[in-house]
Each structure stands twice: as C-alpha cells, then as structure tokens.
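In: build me a model from this:
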Amino acid sequence: STETGTDVSVAIEKFPALFAADVDPELAAVLAVSQRPLAARAFSEAAPVAAWKTKPSWGLVASADRTINPDVERFGYERAGMTTVEVDSSHLVMLAQPKAVAELIMDAARSTGH
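Out: The predicted structure is shown next:
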C-alpha cells in the first residue's frame, strides 16, 4: 500500500515517565528507543465489532497510568459491564506487575470454563 498518514510516537526522554515509571530503568530506556510509531488514524477509527457486547470481558485499570487516564479506563470498563481489577502501576503493567496480569488472565480463563 502507498497510503500515507501521520505517525505518532513519544519523545524518547519522556517515554519512561509516561509509559514505564515503575519498569526497570534499563528496560524502559530500551523500550523508549525501540518504540514503533502508531498511525494517528488509530485514534479515530471505529472498531467494526465490540466483542464485550456478546462475550464476558475483563479489564485491568493501571491506577498510576500516565498514558490513559485511569478514570477513562474505569468508565469504559464499567460501561461495558466488564469484570475489573485495579493495579497500582504504570501503562506498561504487563512488565511492571506481570503476576497481577497473569492472575487476571487465569481468573478470566477459569470463569469461562476454558
């Protein structure tokens, strides 16, 4: 495709504080320089289908997230009727708090019988 558009990324020096405040600083530095840009249109494209309307859903609120406001996460999860867990973590909760993420996934799997 020859489609063009605007890409967005986070300034390398701001990445650790915005995305990975509680991640090992050496790892956060590597992530900052190796990030891939995101197509700006991703912020405005609507999903064709919302799985949460017909399937059980779980969400994790990273309460110290500086990338997505935790209140926005809470609102969306509540609106979707999702089972929600809160973790005191940055946006990269899967790196900062992997055990909490794994526990949520296991709880979801057990709850659905799969």
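
In: in this structure, which spans are strands?
Out: Secondary structure of the chain (DSSP state E): strands located at 7-8, 38-39, 58-62, 83-87.

In: who does the first one pair up with?
Out: When you say that, I think you mean strand 7-8. Paired neighbours of strand 7-8 in the sheet (DSSP bridges): strand 38-39 (antiparallel).

In: can you list contacts of the partner strand?
Out: The contact list for strand 38-39, computed with Cβ atoms under 8 Å, 6 or more residues apart in numbering, reads 5, 6, 7, 8, 9. C-betas here are computed from N, CA, C, even on glycine.

In: now do the helices in this structure.
Out: With DSSP state H as the criterion, the chain has helices at 15-19, 25-34, 70-79, 93-96, 98-112.

In: for these, which one ends up most surrounded?
Out: Of these, the one with the most neighbours on average (mean count of other Cβ atoms under 10 Å) is helix 93-96, at a mean of 19.

In: can I have that helix written out in PDB, keeping just the CAs?
Out: These are the backbone C-alpha positions of helix 93-96, laid out as PDB (Å, rounded to 0.1, in the frame of the first residue of the first chain):
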ATOM      1  CA  VAL A  93       1.500  -3.000  33.700                       C
ATOM      2  CA  MET A  94       2.400  -6.300  32.000                       C
ATOM      3  CA  LEU A  95       6.100  -5.500  32.600                       C
ATOM      4  CA  ALA A  96       5.800  -3.800  35.900                       C
END
